[in-house]
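Peer 1: structure, please.
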Amino acid sequence: MKLGKTLLASLLLVTAISSAQTNDPTVPLPASILSGGINLRSAAGAAFSADVVTQSSQTMSDGATVRQEIHGKMFRDSAGRMRSETEQASPVAGVAPKRYVTIYDPAQQRSIVLDVGAMTARVFPLPSAPAVSSRQLKLAAAATRRETIGSRSLAAPEDLGAMTMEGFLVTGSRRTHAGAVKDKSQPLVTESWFSTELKVELLVTTQVSSSLVRTTRLMNLVQGEPDPQLFQIPAGYSVLDNSQQK
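Peer 2: Purely as a prediction, here's the structure:
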C-alpha cells in the first residue's frame, strides 16, 4: 500500500539545525540531531549509547491502518561529541531504506554526514556549542518540535510526573498545540519523557493528526563512553570537505 505524503514525512529520521529544519540528510548539522522526534543535543559529561526505534501508525481514508517501524542508533561521549545512525524509508515496496550517519564534533568544530551506501562523507564547519543545562535542553527540544510542527498556539505543559524508564528516572510532560497545519480545529499533542541524568528524552509520542501517531523511544541504553572510532570518518570513504566555507 502506498503511504501518504504526511506519513512519509513523519517517518524520516532527520538531522536538523536547531534554528531551522530540513528533510535533506546531506545538510550540515550544528548543535543538535533530531531523530524521529527526539532531539539529541551536545552536552558534556553525559555519555551514552542507545538504539532508536520510531513507530508510526496512520489510519487511511478506507479505514485501513498502515504501520511502519524504523530503527537507528544514538551515541554521545563525555566531550559532547554525538553520532546518530538513521534510516530513510523508501516509498517503493521492497527497496531497502537508505542509511545515513551524522557526527557532531565540538572540539574540531565540524559536523560530518556519512552516506553509508555511497561511502561518502561531507564535512561542514561549525561554531563551538556552548554548555547548556538540563532545563535548557528540555526547552530547546520543545522549541525544535514547535518548528517541526509548524505554526500553532501552544498550551501550557501538563506535568505527567516521574517514573523509571530503561533504568533511568524520567519526568513527563504533555503539550497541546492548538490547530494543525491543514486543519486549524485539530489539536496536536506531544508527550515527552526526559532524563536529567542522560540529558535527553527517552520517549516522545506525537499525535500528528487524528489519523497519524508517531512514537520514538530510546532502548538498550548503555551509560558510558562509546567507541571513539564512531566519531571518525571510516576508511575508504570519499570526503567532500567544506571546512573552508566559513
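
Peer 1: every contact and neighbour count from this point should use C-alpha atoms.
Peer 2: Fine.

Peer 1: may I have the secondary structure class of Ala156?
Peer 2: With DSSP: H, G, I helix; E, B strand; the rest coil as the basis, Ala156 sits in coil.

Peer 1: so how far is His177 from it?
Peer 2: 9 Å (C-alpha to C-alpha, to the nearest Å).

Peer 1: for those two, indicate the residue with more neighbours.
Peer 2: Of the pair Ala156 and His177, His177 is the one with more neighbours under other C-alpha atoms under 10 Å, namely 21 against 11.

Peer 1: just list whatever residues bridge to that one.
Peer 2: On the basis of DSSP bridges, His177 is bridged to Leu154, Leu188.

Peer 1: show me the helices in this structure, by range?
Peer 2: Along the chain, the segments classed as helices by DSSP state H run 5-11, 134-149.

Peer 1: could you tell me the least trusted of those?
Peer 2: With a mean of 34, helix 5-11 has the lowest mean pLDDT of the helices of the chain.

Peer 1: return the helix or strand in the protein with minimum mean pLDDT.
Peer 2: In the chain, the helix or strand scored least confidently by mean pLDDT, DSSP states H and E is helix 5-11, which has a mean of 34.

Peer 1: skip the chain neighbours and tell me the closest residue to Arg214.
Peer 2: Nearest residue to Arg214, sequence neighbours excluded (C-alpha to C-alpha, 6 or more residues apart in numbering): Ser56, at 4.4 Å.

Peer 1: so for the one you found, what's the pLDDT?
Peer 2: pLDDT, Ser56: 89.

Peer 1: run a quick neighbour tally on it.
Peer 2: Close neighbours of Ser56, defined as other C-alpha under 10 Å, add up to 23.
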